[in-house]
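Undergrad: with the input below, show me the fold.
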Amino acid sequence: MAVKASLFKVDNGDMVLFETESCRRILTDINIREAADDDDDDTPNVGKQLRNKLDRDDKGRLFVDGFLNTHPDADHIRGLVKHFHLGDPSTWVKADDKIIIREMWSSPIVFRRAKAKDEDHVLCADAEAWRDEARRRANRFKKERAAQDGNRILILGEDVDGKTDDLTEILVKVDEVFSKICGVQDTSFEARLLAPMPADDEAEEEVLTKNNSSVIMRLDLKVSKVTRGRFLLGGDAEVAIWDLIWERNKKWPERLQYDALIAPHHCSWHSLSYDSWSEKGEKAKVSEPARSALGQPLDGALIVASSKIIKDDKNDPPCIRAKREYVDILDPVKGEFKCVADSPGDDPLAIEVTSAGPRIKRAAVAVSVAAGTGIGSQPLAHG
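TA: Predicted coordinates:
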C-alpha cells in the first residue's frame, strides 16, 4: 500500500487522510460542507473522495482506523453526523452506509467545552455528536476496561482535576510517543503528542482555554520501519500556544522538526503574532518563540495552507503576511509553500512518502508526475 497523505480541498478547514504502509487509514478532521454533497454544485465532493479511498470490513462497512479531531470547531468536524456511524457498530445500517470509526482520537477538552459561557466555545451539532460519542466510548471503557473496533477511543492529553486518572490504558500524555492503533502496536507510524498541555498555573489555564486547546501532534510515517515523512499538525492553535510549545521543547527542537507542516488555523497570522494584521498591517510583529516552534523545517520541507486561495489583502485567515513568513522559514532549507486551493482540479493534494522521502503528487495522475517534488528526505534523530 502506498504511504501517503491526502489533503482535501475544504476551503478554510482541515481534512487529511494518512495511509500507512500497514494499510491503516488515519483521518484528521473533516469539513464536508452541504455544497460538497450537492451534485449540482461545483464544490469538490470530498465525502465521495474519502469513501473512494477507504476499504470495507468483513461486514461490508467502510471504515477509518483512526479519526483525530484536533478541536471541535465546525470547520474541523462538519459532516460527521451525515457521513459517519455513531453509536455501537452493531447498530450500523446498510442502507445508510455510513463510515465506521474504529478508534476516535480526541482531546478531553471536548467533554467540557460546551459548558463555557463564551460564545466562541459553543459546540455545533456535529461537535456535540462527537462529544457524545467520545463520552459513550470513554464510559464504556471505564465499565468494561476493554474495547473492540468501533467502540475504541484514545484520549489525547490529561484533563483537569484528575478526571482522566482512571483512563491510563487509553490515555496519551503530552510529550509521550505512541505507535499503537486499535489496540495493536504498529511499526508503520509514530506520533508525539505536543498539546493540549497541562496548565502549570491559572494564567496558563486562561491562555489554553482562550486558544481552544487544539491537539498538536507530529505524526511520522515510516517506510520499512524507517521514518520518512514527519507531519506537524496544529489545528487552530494560536500564537500563545506556540509560544508555550517552544518554551516546553526548546531544549529538544528536533521534536518540532518536520517534512510537512499543515499551517495552523488555515495560514492565519494569529498563529505567529499577537498583533492584528487587518489593523496594523506591516507594523504587526512576529512572536519569536512561536516562529521558532513553527520554524524547524528539514531540508526541502513543505508548508501547506489548507485554506482558500491566499490573496494580498487584509483577510485573515488565510493571511498573505503569514504566507510570507512561512516562505521565509522555508528559504534556508529550499522548501516549498503550497496552498491546497491552488492545485488544479478537485482532487486532494497528495503527498506520497517513499524511501527517498515525501514527494508532492497529483492523486489522479500518478504516472506522468511520478517524479514529483522531493521534500524532507533527511533521517531524524528523535528527541
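
Undergrad: residue 85 contacts residue 94, doesn't it?
TA: No: the criterion here is CB atoms under 8 Å, and residue 85 misses it with residue 94 at 11.0 Å. C-beta coordinates here come from the backbone N, C-alpha and C atoms, glycine included.

Undergrad: quick one, longest helix in this protein?
TA: Secondary structure of the chain per DSSP state H: the longest helix is helix 125-144.

Undergrad: now do it, average pLDDT.
TA: For helix 125-144, the mean pLDDT works out to 96.

Undergrad: please name every helix or strand in contact with it.
TA: Packing partners of helix 125-144 (3 or more CB pairs under 8 Å, 6 or more residues apart in numbering; DSSP states H and E): helix 74-77, helix 80-83, strand 103-106, strand 152-156.

Undergrad: list the strands paired with the third one, with their directions.
TA: In the sheet containing strand 103-106, its partner strands are strand 66-69 (parallel), strand 152-156 (parallel), by DSSP bridges.

Undergrad: make a markdown table out of the ones you listed and add mean neighbour count, mean pLDDT and distance to residue 266.
TA: Below are these laid out as a markdown table (neighbours: other CB atoms under 10 Å; pLDDT from 0 to 100; distance: least, CB to CB, whole Å):
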| stretch | mean neighbour count | mean pLDDT | distance to residue 266 |
| --- | --- | --- | --- |
| strand 66-69 | 25 | 98 | 16 |
| strand 152-156 | 24 | 97 | 21 |
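
Undergrad: between these, which gets nearest to residue 30?
TA: Closest to residue 30 of those, according to CB to CB: strand 66-69, at 8.3 Å.

Undergrad: ok, residues contacting that closest one?
TA: With CB atoms under 8 Å, 6 or more residues apart in numbering as the test, strand 66-69 has contacts from 24-29, 76-77, 84, 101-107, 110, 130, 154, 156, 181-182, 215, 217, 233.

Undergrad: with stretch 46-55 instead?
TA: 6, 8-10, 15, 17, 19, 23, 25, 27, 30-32, 36-37, 62-64, 79, 82-83, 99, 346-348.

Undergrad: just for the stretch 51-200 of the chain, where's the confidence low?
TA: Counting by pLDDT under 70, the ranges of the stretch 51-200 of the chain that qualify are 111-121, 198-200.

Undergrad: please enumerate the helices of this protein.
TA: Using DSSP H, helices in the chain cover 46-52, 74-77, 80-83, 125-144, 202-210, 239-249, 264-267, 277-280, 288-294, 320-330.

Undergrad: so which of those is nearest residue 229?
TA: So among these, helix 320-330 is nearest, using CB to CB, at 16.5 Å.

Undergrad: so which elements touch that closest one?
TA: If you count contacts as 3+ CB pairs under 8 Å, 6+ apart, helix 320-330 packs onto helix 264-267, helix 288-294, strand 297-305, strand 336-339.

Undergrad: check contacts around the residue lying farthest from the centre of the chain.
TA: Residue farthest from the centre of the chain, counting by CA atoms, centre = their mean, is residue 283 at 30.9 Å. Residues in contact with residue 283 (CB under 8 Å, 6+ apart) are residue 275.

Undergrad: and the gap between it and residue 270?
TA: Distance of residue 283 to residue 270, computed by CB to CB, to the nearest Å: 16 Å.

Undergrad: just name the most buried of the helices and strands packed on helix 320-330.
TA: helix 264-267 (a mean of 29; mean count of other CB atoms under 10 Å).

Undergrad: now do that helix: which elements does it pack against?
TA: helix 320-330.

Undergrad: and the buried ones among the contacts of stretch 46-55, selectable in PyMOL?
TA: Buried residues within the contacts of stretch 46-55, by 16 or more other CB atoms under 10 Å, are selected in PyMOL with:
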select buried, resi 6+8+9+10+15+17+19+25+27+30+31+32+36+37+62+63+64+79+83+99+346+347+348
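
Undergrad: neighbours of residue 312, how many?
TA: A total of 9 residues lie near residue 312 under the criterion other CB atoms under 10 Å.

Undergrad: for it, give me its contacts.
TA: Applying CB under 8 Å, 6+ apart, the residues contacting residue 312 are residue 320.

Undergrad: for residue 225, give me its contacts.
TA: Contacts of residue 225 (CB under 8 Å, 6+ apart): 187, 188.

Undergrad: can you report phi and psi for it?
TA: The phi/psi pair for residue 225 (degrees, to the nearest 10) reads phi 70, psi 10.

Undergrad: pull the number of nearby residues for residue 237.
TA: Residues near residue 237, counting by other CB under 10 Å, number 31.

Undergrad: re earlier: dump the helices and strands packed on helix 320-330 into a markdown table; add mean pLDDT and distance to residue 135 as well.
TA: Listed next are the helices and strands packed on helix 320-330 as a markdown table, based on pLDDT from 0 to 100; distance: least, CB to CB, whole Å:
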| stretch | mean pLDDT | distance to residue 135 |
| --- | --- | --- |
| helix 264-267 | 97 | 27 |
| helix 288-294 | 98 | 32 |
| strand 297-305 | 97 | 33 |
| strand 336-339 | 97 | 36 |
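
Undergrad: among those, which comes closest to residue 197?
TA: So among the helices and strands packed on helix 320-330, helix 288-294 is nearest, using CB to CB, at 12.2 Å.
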